[in-house]
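Chemist: Structure here, sequence nowhere to be found:
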Ligand SMILES: Nc1ncnc2c1ncn2[C@@H]1O[C@H](COP(=O)(O)OP(=O)(O)OP(=O)(O)O)[C@@H](O)[C@H]1O
Ligand SMILES: O=P(O)(O)OC[C@H]1O[C@H](OP(=O)(O)OP(=O)(O)O)[C@H](O)[C@@H]1O
Ligand SMILES: O=C(O)c1cccnc1
């Protein structure tokens, strides 16, 4: 059982909770939605991840006596009765969420939290922390997967990850998006992800000769032999020594698995090494490559004709180094006033940052004939559900004259109930189920939305009612126009 992360939150959440409590407004109901505005890496989609961690966090959410003592020491001098309220705290609200592995898009609710303003406010920070990081890494991994042509992908990032949690949950996110194994043993133990590994340069350096090092390794682990061949000179020394070790194994009826290239021109070296292995009758020995790889280097190496079967990807993946954060936000969309739920909006001078008011559902509209997704459609829960045969108007929320109608479609509800009145109603799927759901999700999209470079923009549309409410609230917050010219 995971320990409580109740204080894994920003101080301003506690201060707002306190102020609501002191004001007597802490029990009012509120609805928040988490979403991002911009896709990372210029990708055409993101891969939603982080739900399992969010579910574990909310289920275990409890202030320990130690937490309470820490809070009592703060300069805010919280009223002891507030601290008593926290001692009794339990999340009693509702959560709806996208499933892990889902393809998700900007400006659609990914997680929806309904509860008292106090509990919904508390969970914001941790929820965004988990969702933003894991979704970012799953998306980066998915880009790498897209260029890998079914080759084996190994996650090697732990040494460069932003600390332990990032390594372990990042390894899981990579696996969700189609990586095959991780070098992180803790991730293997915790999540059942297959583990894999070769050996380091230090293994070779710790012997008098490269040959001795290779042979010693092969004697101990004859069924798991992947030899790192670049410690001294890949083609002059490493590959010839590896071939000798492979022949020694063959004499014992064993087959060496692979060699690993970790520096130099990986295209050239892999082509040369492949030829040397083949000429030695070792066509079954595979080639693993590593060294600061990402989707672009892998794509180029393939275009250059590299003969690489397995890619070990570390730093660039686990740190999402070309875009190290996803800007997911958590916005209040409804609040209770005199027992009634009222939509609320956040206005901004930047039109992209104006929030969409009201509690909303998300449907994926799938063409019945092609079985491909046409758009995501956001509507209020009390609207007529989009359903096959019922003409659905899809219009661009910024340019409403850009519209089209669909008739023969399936409308798949994307937000699953996860907690109802604080009770977990969602059974967490196995990682294998999440991976296969992710593959099904990819199958729903035409390739133009999935390509790495300049993908087509997938439509995320809001219903007429949502659009009208948004316009109304924007207007109501605008300064009135002057009656006469000044
Ligand atoms: N043929 C190739 N085409 C495109 N990129 C390549 C090719 N071969 C290697 N790379 C990439 O170029 C970069 C080379 O990095 P760098 O110069 O630091 O490595 P190196 O000098 O070969 O090895 P070391 O890690 O020992 O310094 C790596 O990101 C590697 O993946
Ligand atoms: O490059 P990454 O994608 O992060 O993959 C993992 C790297 O980690 C190891 O070496 P390390 O980087 O520790 O040492 P090196 O740079 O000297 O090879 C391994 O040999 C890879 O090169
Ligand atoms: O097993 C490997 O080859 C490995 C693992 C982590 C980092 N670099 C390489």
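Modeler: Okay, I see it. Note that the structure is a prediction, hence the values are computed from the model and not measured. Ligands and ions are numbered 1, 2, ... in the order given.
Chemist: on contacts alone, who are the packing partners of the strand or helix carrying residue 271?
Modeler: Per DSSP states H and E, residue 271 falls inside helix 266-279. Applying 3 or more CB pairs under 8 Å, 6 or more residues apart in numbering; DSSP states H and E, we find helix 266-279 packed against helix 239-251, strand 258-261, strand 286-289, helix 295-303. The C-beta positions use only the backbone N, C-alpha and C, and glycine is treated the same way.
Chemist: And the contacts of the longest one?
Modeler: Taking CB atoms under 8 Å, 6 or more residues apart in numbering as the criterion, the residues outside helix 239-251 that touch it are 210-211, 214-215, 217-218, 222, 225, 227, 229, 255-256, 259, 272-273, 276-277, 280, 282, 285.
Chemist: Out of the helices and strands packed on helix 266-279, which is the most enclosed?
Modeler: Stretch with highest mean neighbour count among the helices and strands packed on helix 266-279: strand 258-261 (a mean of 26; mean count of other CB atoms under 10 Å).
Chemist: before we move on, back to that, is the helix holding residue 271 positioned near ligand 2?
Modeler: No: Helix 266-279 stays clear of ligand 2 (CB under 6 Å from any ligand atom), getting no nearer than 11.0 Å.
Chemist: residues in contact with that helix?
Modeler: Residues outside helix 266-279 that contact it (CB under 8 Å, 6+ apart): 229-230, 234-235, 239-240, 243, 246, 259, 261, 283, 285, 287, 289, 291, 297, 301, 304-308.
Chemist: switch to 7 Å and redo it
Modeler: If you take CB atoms under 7 Å, 6 or more residues apart in numbering as the criterion, helix 266-279 is touched by 234-235, 239, 243, 259, 261, 283, 285, 287, 289, 291, 301, 304-308.
Chemist: Quick one: distance of the strand of greatest length in the chain to the chain centre.
Modeler: Taking DSSP state E as the criterion, the chain has its longest strand at strand 329-337. Remark: strand 329-337 is offset 24 Å from the chain centroid, using CA atoms, centre = their mean, to the nearest Å.
Chemist: and the next helix-or-strand element following it, what does it pack onto?
Modeler: Using DSSP H and E, the helix or strand that directly follows strand 329-337 along the chain is strand 340-343. Other elements packing on strand 340-343 under the criterion 3 or more CB pairs under 7 Å, 6 or more residues apart in numbering; DSSP states H and E are strand 329-337.
Chemist: Note down every partner strand of the strand it packs on and its orientation.
Modeler: The pairing partners recorded for strand 329-337 under DSSP bridges are strand 29-35 (antiparallel), strand 340-343 (antiparallel).
Chemist: buried residues in the first one?
Modeler: Residues 29, 30, 31, 32, 33, 34, 35 are the ones in strand 29-35 that count as buried (16 or more other CB atoms under 10 Å).
Chemist: rewinding a little: in JSON lines, list the helices and strands packed on helix 266-279 along with distance to residue 93 and mean pLDDT.
Modeler: Shown next, in JSON lines, are those (distance: least, CB to CB, whole Å; pLDDT from 0 to 100):
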{"stretch": "helix 239-251", "distance to residue 93": "58", "mean pLDDT": "98"}
{"stretch": "strand 258-261", "distance to residue 93": "50", "mean pLDDT": "99"}
{"stretch": "strand 286-289", "distance to residue 93": "48", "mean pLDDT": "99"}
{"stretch": "helix 295-303", "distance to residue 93": "39", "mean pLDDT": "98"}
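Chemist: possible to save the ones you listed as JSON lines with distance to ligand 1?
Modeler: Shown next, in JSON lines, are the helices and strands packed on helix 266-279 (distance: least, CB to the nearest ligand atom, whole Å):
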{"stretch": "helix 239-251", "distance to ligand 1": "16"}
{"stretch": "strand 258-261", "distance to ligand 1": "9"}
{"stretch": "strand 286-289", "distance to ligand 1": "7"}
{"stretch": "helix 295-303", "distance to ligand 1": "4"}
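Chemist: nearest to ligand 2, of these?
Modeler: When these are compared by CB to the nearest ligand atom, strand 258-261 sits nearest ligand 2, at 7.8 Å.
Chemist: which residues does residue 455 contact?
Modeler: Residues near residue 455 by CB under 7 Å, 6+ apart: 43, 44, 448, 449.
Chemist: Out of those residues, list just those in strands.
Modeler: Per DSSP E, the subset of the contacts of residue 455 in strands is empty.
Chemist: Kindly give a single ChimeraX line that selects the buried subset of those.
Modeler: Only the buried entries of those go into this ChimeraX selection, using 16+ other CB under 10 Å:
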select :43,44,449
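Chemist: so which two of the contacts of residue 455 are the farthest from each other?
Modeler: 43 and 448 (12.8 Å; CB to CB).
Chemist: Ligand 2 contacts on the chain?
Modeler: So the chain meets ligand 2 at 156, 159-160, 262, 290-293, 312-316 (CB under 6 Å from any ligand atom).
Chemist: Narrow these to just the buried residues.
Modeler: Using 16+ other CB under 10 Å as the burial test, these include 156, 160, 262, 290, 291, 293, 312, 313, 314, 315, 316 as buried.
Chemist: so what pLDDT did the fourth one get?
Modeler: Okay, so that is residue 290. What the model reports as pLDDT for residue 290 is 98.
Chemist: Any idea which residue of the stretch 301-450 of the chain lies closest to ligand 2?
Modeler: At 2.6 Å from ligand 2, residue 314 is the closest residue in the stretch 301-450 of the chain, using CB to the nearest ligand atom.
Chemist: residues touching that residue, list them.
Modeler: Counted by CB under 7 Å, 6+ apart, residue 314 has contacts 156, 157, 160.
Chemist: Was I right to think residue 473 contacts residue 346?
Modeler: No: Residue 473 is beyond contact range of residue 346, at 9.9 Å (criterion: CB atoms under 7 Å).
Chemist: which of these two has more neighbours?
Modeler: residue 473 (21 against 15; other CB atoms under 10 Å).
Chemist: That one should be in a helix, yeah?
Modeler: Yes: under DSSP: H, G, I helix; E, B strand; the rest coil, residue 473 falls within a helix.
Chemist: Give me the spatial nearest neighbour of it, chain neighbours excluded.
Modeler: In space, and not counting its chain neighbours, residue 473 is closest to residue 345: 4.2 Å by CB to CB, 6 or more residues apart in numbering.
Chemist: now do residue 377
Modeler: Nearest to residue 377 is residue 363, by CB to CB, 6+ apart, at 4.6 Å.
Chemist: One more: residue 180?
Modeler: Nearest to residue 180 is residue 152, by CB to CB, 6+ apart, at 5.1 Å.
Chemist: Write the PyMOL selection for whichever of the contacts of helix 239-251 are buried.
Modeler: Those of these that count as buried under 16+ other CB under 10 Å are selected in PyMOL with:
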select buried, resi 210+211+214+215+217+218+225+227+229+256+259+273+276+277+280+282+285
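Chemist: Can you give the domain ranges for this protein?
Modeler: Using automatic domain parsing, the domain ranges for the chain come out as 11-137+324-477, 143-318.
Chemist: and those, which is most packed in?
Modeler: It is domain 143-318: most buried of the domains of the chain by mean count of other CB under 10 Å, with a mean of 19.
Chemist: Enumerate every residue touching the residue nearest the centre of the chain.
Modeler: Note on the chain: the residue nearest the mean C-alpha position is residue 135, at 1.7 Å, using CA atoms, centre = their mean. By CB under 7 Å, 6+ apart, the contact set of residue 135 is 46, 47, 48, 49, 50, 326.
Chemist: Thanks a lot, see you next time.
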